[in-house]
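Visitor: for reference, the sequence and a predicted model appear below.
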Amino acid sequence: MSIRAVIWDVDDTLFDYTTADRKGMRIHLTAEGLLDAYDSVEQALVRWRQITDVQWARFSAGEVSFEGQRRDRVRAFLGEELTDAEADAWFQRYLNHYETVWTLFPDVLPALDALAASHRHAVLSNSSIHVQDRKLRALGVHDRFEVILCAAELGVSKPEAGAFLAGCDALELAPLQVAYVGDHPEIDGRGAADAGLLSVWIDRAGMSTGGDAPSGPHRIASLAELPALLGADTRFGAPSTFG
């Protein structure tokens, strides 16, 4: 059965989240006068990312709200018992810097253009619709997608099959007719494969996974590879892209 639609992850798939987060936080920490507490800028940025990963996992597991994980990130990073309003204000100041460095990966628009006539497009993100809708508009690609779904509103997060199947349902297509493209080998790659979609893992960093590579996903290094992948029946009988 041919692939008729592509559902996309956003952060670190379409949008260069990691670079924007690092650049935005560096500007923010400088403005807040917080870098003196660290041996280096890199040490501060690593700690922020570690805290973000922990709190995001809590949100994905349904243990805390989207706004709650933001507040807890600030409290853990600063080591202070802030009120919700104080934590929100600090995070908003960070966002003001972060948003100034938003950018798409350079291979995104060419891939979307190449697939515009042949495939339908949607978004499924483990974020909130408020955040991703605004981000996609700012990046100039919002109108490329028929449907934008996010975990905060769905009530289910990737890698749960229900999240991927909600995307298929919104497009009124069977999973076998849908590809999912994301940057995380487990949350996106294995999750989409287990849900029955054609799973495409965009591995921009060239991760060394050894024997731990997830089964199921097709691994690509650039979205320039995607049109050819979707143009063939790669689901059955094709050799794995994992060595």
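Guide: Nice, I can see it. Residues are numbered from 1 along each chain as shown.

Visitor: per the annotation, how does the chain divide into domains?
Guide: 5-16+103-230, 17-101 (automatic domain parsing).

Visitor: quick one, helices of the chain?
Guide: All helices of the chain, identified by DSSP state H, fall at 17-32, 41-60, 66-78, 84-98, 108-115, 129-138, 151-154, 161-171, 191-194, 226-230.

Visitor: how about the ones you listed in CSV, adding mean pLDDT and distance to Pro185?
Guide: Any C-beta I mention is one placed from the backbone N, CA and C, and that applies to glycine too. Converted to CSV, those look like this (pLDDT from 0 to 100; distance: least, CB to CB, whole Å):
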stretch, mean pLDDT, distance to Pro185
helix 17-32, 96, 15
helix 41-60, 95, 15
helix 66-78, 97, 22
helix 84-98, 97, 25
helix 108-115, 97, 20
helix 129-138, 96, 21
helix 151-154, 94, 18
helix 161-171, 98, 15
helix 191-194, 97, 10
helix 226-230, 95, 17
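
Visitor: dump the ones you listed to CSV, plus mean neighbour count.
Guide: Output for those, formatted as CSV (neighbours: other CB atoms under 10 Å):
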stretch, mean neighbour count
helix 17-32, 17
helix 41-60, 16
helix 66-78, 19
helix 84-98, 16
helix 108-115, 17
helix 129-138, 16
helix 151-154, 18
helix 161-171, 20
helix 191-194, 23
helix 226-230, 18
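
Visitor: so which of those is nearest Val181?
Guide: Nearest of those to Val181, taken as CB to CB: helix 226-230 at 6.8 Å.

Visitor: quick one: list the elements packing against the closest one.
Guide: If you count contacts as 3 or more CB pairs under 8 Å, 6 or more residues apart in numbering; DSSP states H and E, helix 226-230 packs onto helix 108-115, strand 198-202, strand 218-220.

Visitor: 10 Å instead?
Guide: strand 5-8, helix 108-115, strand 178-182, strand 198-202, strand 218-220 (3 or more CB pairs under 10 Å, 6 or more residues apart in numbering; DSSP states H and E).

Visitor: could you dump stretch 156-170 to CSV, C-alpha only?
Guide: C-alpha atoms of stretch 156-170 as CSV (Å, rounded to 0.1, in the frame of the first residue of the first chain):
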residue,chain,number,x,y,z
VAL,A,156,-1.4,10.9,25.1
SER,A,157,2.2,11.3,24.1
LYS,A,158,4.7,9.5,21.8
PRO,A,159,5.8,6.8,21.9
GLU,A,160,2.3,5.5,22.8
ALA,A,161,0.6,4.1,19.8
GLY,A,162,-2.5,6.2,20.5
ALA,A,163,-0.6,9.4,19.7
PHE,A,164,0.4,8.2,16.2
LEU,A,165,-3.0,6.6,15.6
ALA,A,166,-4.7,9.9,16.5
GLY,A,167,-2.7,11.5,13.6
CYS,A,168,-3.8,8.8,11.2
ASP,A,169,-7.4,9.2,12.3
ALA,A,170,-7.2,13.0,11.8
